Each structure stands twice: as C-alpha cells, then as structure tokens.
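> Coordinates for the following, if possible.
(one chain, ligands or ions: 1)
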Amino acid sequence: MNNANFTAAALVPQILEGSVRATDVLDTVFATIREQEPRVHAFLQVTEDLARSQAEQVDRKIAEGKPVGPLAGIPIGIKDNLCVRGGRTTCASRILEPFVAPYDATVISRLRAADAVFVGKTNLDEFAMGSSTENSGFGATRNPIDLERVPGGSSGGSAAAIAAGMCVLALGSDTGGSIRQPASFCGIVGLKPTYSRVSRFGLVAFASSLDQIGPMAHTVRDAAMLLNVIAGADANDSTCSPDPVPNYVEGLEDGVRGLRLGVPREYFGEGLAPDIKSGLEKVIHRMEREGAELVDISLPHAPYAIGTYYLIATSEASANLARYDGVKYGFRAKDVKNLGEMYRRTRSEGFGPEVKRRILLGTYALSSGYYDQFYVKAQKVRTLISQDFESAFAKVDAILTPTTPDTAFKLGEKTSDPLQMYLVDIYTVSANLAGIPGISVPAGRDRSGLPFGMQVLGPKFGEPVVLRVARAVEMLRPGEAS
Ligand code: GLN
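Below you'll find the predicted structure:
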C-alpha cells in the first residue's frame, strides 16, 4: 500500500472485495502516526481503540457478507470542534479542556453509518480563530512538507494529517477559509460547501451565519465521496437545506469543455505572490485549451471583504462564546469568592489572546452607539458582496481565483501582527459572506517547492460544477510538474 493509492476511491472497492482489510489500512495509518505525529502534532487526541473496534467491525461485516457503508474502513481525522459522543471536544481551548461531548454531531452519526473509522481529533486554532493553527491552546501543528512552516488554519491539523498520510480523509470547518487555506498550504483538496448544505448540529459555533463543515482529502473524487455522506437535511439544524443531495461523484470527469469560467481581475492584482500568479495563469490557459471559455469579470466589492468579515465574524463570536463562563461547560476557575469573580477569572484564564481579542472587537462592534456604524454597515456590504457574485454567475458557470496570496509561511512569522494574519484570508472570506461553495485544489508549487491551490467558486448549490472544474485542474497534475 503506498500513499498514491491511499484514497477512499481506491481503498473502498478493495476493502469490499476483501483483498485489503480495514484493519490492514489502519495498521498502515498507525505506523505513519507513530513516525510522523511527534514531529507534526496534527492531533489533539488519537482514538486508537475506537478506530480499531470500528475497523474490526467492518472486517467482520464483510466476512459475514453483511452490507457496509460507502466509506467502509476509511480512516478519517475529525477537527476537534466537532462533537463525538463520549469523547473530549476541546476546540483547542483550555476553557473546553475537560468537556466531554454528550452527543454526536450530525456529520459524525452519518460517518458512523457510512462505516468510516475515526482516527482522532485534529488540532486547530482555538475556536477555529486563526490561519496557522498557532493559536491552538495545546501547541502548534507543523506543515509536513516543511516542518519550519505552518500548515495553515484553522483546520491545520486535518490538512497536515492527510498530507502526512496519518488519515485518508478529514473533516474541517470553514468560517472564512479554514478548510481551503490549509488545503492550499499542505497540497491537498478542501471544499467549503454552500452554507446550509451540511448540518452544523454538533459543530461548536464560531460565527453561525458563516460556519460550514466540509471535506478535506487527497483528491477531488475523495472530497466528493465524503460530501455525499455528510450533506443533506437535518431535523436538528433548522438552517440546513431540505433540498435533495445529488451524487457528487457523478459528472466529475466531464471536463471543462463548454464551461464559462470567470477570472476576476481583483484577485490577480497587487499582493499576489509572483510564482502563484504565473502558475495559476498557466493552469487557466490550459483550461482554455481544453475548451473552456474564459471570461474577464469584476467583483468590485472584493476589497471590502476582509473588513466586513472581521466585523461580522467577531460580532457573532462574541455572542456565541458568552456561554463559556464556568457555569455549564468545561473549565471553571478555582477558589473564587463570588459569581462575578468566577465569570471573570474563568474567561481570563480559559481563553487565549486571539479569542479574547475577537470577543472584545465583536462586543465593541455590537455595542450601542457603534452598532449602526460597524455591524449594520458590515451587513450592508455583505449584501453587496453577495450581489457581486449573483451578477457574475449570470455570466459564468464558475470562478477561478488563487486560494491564498502566498504559500505557507514560517512558524512565528505573523504571530505578533494580527492584521498580517487576517490578510491571509483575503481570497477566501467572500465565499462565506455570500454563502457560496468554494474548493481549493492543488495547482502548482513555488520556487521553494511549496504547494499552492487554485480556488474554484460556484453559485449556491453549485458543488457539482465546482468539483468538476477542480477535477479538470487536478487532471493537469500542476502540482507535480517541476
Ligand atoms: N482565518 C479566518 C479567521 O481567523 C478564518 C477562520 C475559519 O474559517 N474558521 O477567522
């Protein structure tokens, strides 16, 4: 078993016919974990006993001729802001360190029903706030491609675990780019679905109007297989769409002939690293040679996306994180004299500096006197950003952009300047503000050999076209050419 074949698409048929056992796949994964994890630190918790019993159950069902689910025996990493019943769910925060989830997130119950194997809970920036996984309360994750560099974030543990071969698939969450940006930095595929496509029940809330769970994988096909399992209506999440779920694997190989692909000029200007710009232009021209029609488009409100995102995300976070006060969840400060002191000390001792900064920013933006000036204004700009996309998708089927302005940066490089860290999200946050799907697919390497992704955006519920275009990019193998 080598890593090139280490995909769900290759393994599931072999597991079904009995030529490979789920427990063999798991042995390979754990051998890699023992070798890589001490260097990479992708996991907050490795659930070897659970994984082994799940893998044994798959092997037993197959030996007895019983039916198994579509991800039978596939090892998956789970971002540690998703609840898995009976296990710790920390959000990489000291404040939730002792918290044990009393129920399964909907995506987790669906993965159990699909017979996936849970390898462990992956590291993240505390409460998913960050772009490097350095904001974890339990130590940073390193990029397996270059251990001096960050894997991106906030789903950095999930991306690094896949890139290092420590799992085959992973779940991430994306509020402003947290699936797509680490996918780009680690040379894998990451998809943020349309807002409402995947139930958020059991995902610890950061910014509820932006959060979305999505698949991370080595290949576009694997991402589609995972989306097939997790997407769809859920009685436990009233914001989850009741629309039927298509089979996302169908039509993947249809190519780009006849598709109109928009190239927004705002995304290829100043601030984009030259190697990424030239690499993406090459891929885009090859798309044209394959029969796509390239359309020069404009998304005029793009320059306001970062400011708008950081107002809305922090406002919602300040409300969502109010519940961590020592009363009901997780950590409570010791030796307190009264209720006020308990709240104050629990929150001061439990939250890390970035989370505190965001709670303060959000509380400020929502406070009377500033509410209209900041929060309401940001909501208006959010509408303009959505309208930009609506007019663009009247002319094109999908939009091609960079995922990130640069490749993976060094650990510590941006930790002292939060604004520099926020700017990493410049190309990803608009999709969350507009609620549209976006994928990052490997599209090349810079002169130091570091990978970068192409982002493909589609209209709401346009996952099929987004996956199809990403698959066409993947077919060119742009990340492998020297
Ligand atoms: N990097 C962005 C932030 O810090 C996005 C995080 C996310 O998508 N969870 O908010």
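> Contacts made by the helix or strand harbouring residue 295 with the rest, please.
Element membership for residue 295, per DSSP states H and E: strand 293-297. Here strand 293-297 makes contact (CB atoms under 8 Å, 6 or more residues apart in numbering) with 258-265, 284, 287-288, 392, 395-396, 399. No exception for glycine: its C-beta is placed from N, CA and C like everyone else's.
> Can you tell me which residues in the stretch 301-450 of the chain are near the ligand?
313, 425 (CB under 6 Å from any ligand atom).
> Tell me which residues touch the residue in the stretch 301-450 of the chain that the ligand sits nearest to, please.
Residue nearest to the ligand within the stretch 301-450 of the chain (CB to the nearest ligand atom): residue 425, separated by 4.7 Å. By CB under 8 Å, 6+ apart, the residues touching residue 425 are 131, 176, 177, 181, 306, 309.
> switch the cut-off to 10 Å
130-131, 175-178, 180-181, 305-306, 309-310, 313, 404-405, 432 (CB atoms under 10 Å, 6 or more residues apart in numbering).
> Return the members of those classed as buried.
130-131, 175-178, 180-181, 305-306, 309-310, 313, 404-405, 432 (16 or more other CB atoms under 10 Å).
> how near is residue 11 to the ligand?
29 Å (CB to the nearest ligand atom, to the nearest Å).
> do residue 125 as well
Applying CB to the nearest ligand atom to residue 125 and the ligand gives a distance of 7 Å.
> That residue - how many residues pack around it?
Here the number of neighbours of residue 125 (other CB atoms under 10 Å) works out to 32.
> circling back to that earlier point, buried residues of the strand holding residue 295, list them for me.
In strand 293-297, counting by 16+ other CB under 10 Å, buried: 294, 297.
> what's around residue 103, how many residues?
Neighbours around residue 103, by other CB under 10 Å: 14.
> ok, it - contacts?
Residue 103 neighbours (CB under 10 Å, 6+ apart): 83, 84, 85, 86, 109, 201, 202, 236.
> Using the three-state scheme, assign the fifth one.
Translated: residue 109. Under DSSP: H, G, I helix; E, B strand; the rest coil, residue 109 falls in the helix class.
> From residue 212, how far off is residue 241?
11 Å (CB to CB, to the nearest Å).
> Could you do residue 332 as well?
For residue 332, the distance to residue 212 equals 31 Å [CB to CB].
> and those two? which has more neighbours close in?
When residue 332 and residue 212 are compared for neighbours, residue 212 comes out ahead with 25 against 18, by other CB under 10 Å.
> sorry, back to before: going by contacts, tell me the helices and strands next to the very next helix or strand once past the strand holding residue 295.
Downstream of strand 293-297, the next assigned helix or strand under DSSP H and E is helix 305-320. Packing contacts for helix 305-320, counted by 3 or more CB pairs under 10 Å, 6 or more residues apart in numbering; DSSP states H and E, involve helix 353-366, helix 377-395, helix 418-423, helix 429-434.
> What residues of the longest one count as buried?
Of the residues in helix 377-395, those scored as buried under the neighbour-count criterion (16+ other CB under 10 Å) are 377, 378, 381, 382, 385, 386, 388, 389, 392, 393.
> And stretch 133-151, by the same measure?
133-138, 140-146, 149-151.
> next one: stretch 22-34
Buried, per 16+ other CB under 10 Å, within stretch 22-34: 22, 23, 24, 25, 26, 28, 29, 30, 32, 33.
> Pick the one among the residues you listed closest to the ligand.
Closest to the ligand, out of all of the buried residues of stretch 22-34 and judged by CB to the nearest ligand atom, is residue 33, at 24.9 Å.
> any idea which helix or strand carries that closest one?
helix 22-40.
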